[in-house]
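Trainee: missing the sequence, but the structure's below:
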């Protein structure tokens, strides 16, 4: 299996499961797939974060805000592996409660990954609402 195929399998399993968990109120799996090495950054749809402390605060806030994830799909548009770096571009389609209110929404998501000790870790995320 090629590096790209292995990476896409990781995205469709480990990454997907972490996103379902955070949208259900558990940030642990998402935090586990993020790098513990700086730089780490989020340009989020709701909040930004730079560095480990802000990342931990952001993920705790998301876990407190989300619950009852009934659906999550990552519509992968493009992915590439370049040595120990990779990226994904796609749309996240989510159904979950946000602060107790059921919502269905789509975000554009671009993420950058680093292979650290043979394991993929997220280093940057940009998420935003698509244009109407």
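Mentor: Okay, I see it. It should be emphasised that the depicted structure is a prediction, and the values quoted were computed from it without experimental measurement.
Trainee: And stretch 21-38, end to end?
Mentor: This stretch, stretch 21-38, spans 24 Å end to end (Cα to Cα, to the nearest Å).
Trainee: what about it, distance to the chain center?
Mentor: Remark: stretch 21-38 is offset 8 Å from the chain centroid, using Cα atoms, centre = their mean, to the nearest Å.
Trainee: buried sites along that stretch?
Mentor: Within stretch 21-38, the residues that count as buried by 16 or more other Cβ atoms under 10 Å are 21-27, 29-31, 33-35. For glycine as for every other residue, the C-beta is placed from the backbone atoms N, C-alpha and C.
Trainee: Count the neighbours of residue 104 for me.
Mentor: Neighbour count of residue 104, defined by other Cβ atoms under 10 Å: 10.
Trainee: so it makes contact with residue 92?
Mentor: No: Residue 104 is beyond contact range of residue 92, at 11.6 Å (criterion: Cβ atoms under 8 Å).
Trainee: Now do the helices in the chain.
Mentor: Taking DSSP state H to define them, one finds helices in the chain at 3-10, 16-23, 28-32, 52-65.
Trainee: Identify, out of those helices, the most deeply packed stretch.
Mentor: Neighbour counts (mean count of other Cβ atoms under 10 Å) averaged over each of the helices of the chain peak at helix 16-23, with a mean of 19.
Trainee: So which elements touch that one?
Mentor: helix 28-32, helix 52-65, strand 66-82, strand 85-98 (3 or more Cβ pairs under 8 Å, 6 or more residues apart in numbering; DSSP states H and E).
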